[in-house]
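Asks: Predicted coordinates and the sequence they were generated for:
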Amino acid sequence: MKRLTVAIDGPAGAGKSTVARRVAEELGLLYVDTGAMYRAITWKALQSEIDLSDEQVVAAIAREAEIVLDPPEVLVDGVRVTEAIRSPEVTDHVSMVAGMAEVRRVLVEKQRQMAKDGGVVMDGRDIGTHVMPDADVKVFLTASIEERVRRRHLEMIRRGYASDPDRLYQEIKRRDEMDENRSHSPLKPAADAVMLDTTGRSIDEVVSMILDLCRTKVSGGE
Ligand SMILES: Nc1ncnc2c1ncn2[C@@H]1O[C@H](COP(=O)(O)OP(=O)(O)O)[C@@H](O)[C@H]1O
Ligand SMILES: Nc1ccn([C@@H]2O[C@H](COP(=O)(O)OP(=O)(O)O)[C@@H](O)[C@H]2O)c(=O)n1
């Protein structure tokens, strides 16, 4: 059977990682969370106490870091950072780091390496447009900002963080704007992506819609 490639992009809190992981499990494919990679570099840069606005230094960190994605675990240079990369401090800095051209070049190369034999579901912001422009299935997940804030708020509380919906709203809005307006592979749907608004849809429903798209592709239909 053809080694399927699936690209899932969209703004923060749209449900990308949740559904991408489930789709990969259902189809027996590798799941690659590219956001975790940008977060891992941001975590390492913060740990190193360097000037985070110094692109050359951050790029050197990206080049040297050994990132291992072993869903749901994430390791950087052998250190388990699965929870640490989702901290508010990393979240506040990640879009600045992700806006650096050289950091993107280094991580995109690693991502393409992981996808070179196919059999992968990859989620992020530029997967369908830039990392895997030839992906078999491209989905752009969206949801209203109110819904995305509500989801993140519930998730933060579940994970034991204090959460303020107003602060989350500002954080998500700011991060989306930075992701949409950066000069290198900004967040936007690929011309051939299927747009999927998940507002009011359950996780199961969204997973099943994407699985249908994948099965149609594998069976040779449109
Ligand atoms: N369709 C959905 N309905 C309700 N909650 C969802 C849905 N999809 C995802 N979630 C929840 O919303 C939160 C954010 O989802 P996540 O997959 O992390 O989004 P993203 O990767 O796009 O930032 C998670 O807590 C997840 O369980
Ligand atoms: N392919 C990607 C994936 C993430 N990112 C950046 O990394 C950040 C964190 O990605 P994420 O997917 O973990 O974010 P959440 O939407 O899960 O909060 C995003 O806000 C982007 O700035 C990117 O630029 N390109």
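Replies: Here it is on my side, so go on. Ligands and ions are numbered 1, 2, ... in the order given.

Asks: all contacts plus neighbour counts: C-alpha atoms, from now on.
Replies: Will do.

Asks: any idea how far R158 lies from ligand 1?
Replies: Going from R158 to ligand 1 by CA to the nearest ligand atom, to the nearest Å gives 9 Å.

Asks: How about L75?
Replies: 18 Å.

Asks: okay, now the nearest residue in space to P165 that is not next to it in sequence: neighbour count?
Replies: Excluding its sequence neighbours, the residue lying closest to P165 (CA to CA, 6 or more residues apart in numbering) is H153, at 6.2 Å. With neighbours defined by other CA atoms under 10 Å, the count for H153 comes to 22.

Asks: Please tell me I have it right and H153 contacts D164.
Replies: Yes - under the criterion of CA atoms under 8 Å, H153 makes contact with D164 at 7.3 Å.

Asks: Please name the nearest non-neighbouring residue to G15.
Replies: L141 (7.3 Å).

Asks: Report the beta-bridge partners for the one you found.
Replies: L196 (DSSP bridges).

Asks: Surely it touches M195?
Replies: Yes - under the criterion of CA under 8 Å, L141 makes contact with M195 at 6.2 Å.

Asks: looking at this, Y31 is in a strand?
Replies: Yes - assessed with DSSP: H, G, I helix; E, B strand; the rest coil, Y31 lies in a strand.

Asks: Compute the number of surrounding residues for it.
Replies: Counted with other CA under 10 Å, Y31 comes out at 25.

Asks: Check the gap between it and E66 for me.
Replies: 18 Å (CA to CA, to the nearest Å).

Asks: same thing with D33?
Replies: 15 Å.

Asks: returning to what we had before: number of nearby residues for the residue nearest to G15?
Replies: Here the number of neighbours of L141 (other CA under 10 Å) works out to 24.

Asks: Next one: it relative to ligand 1, how far apart?
Replies: 8 Å.

Asks: can you list the residues of the chain near ligand 1?
Replies: 12-18, 151-152, 155, 198, 201-203 (CA under 6 Å from any ligand atom).
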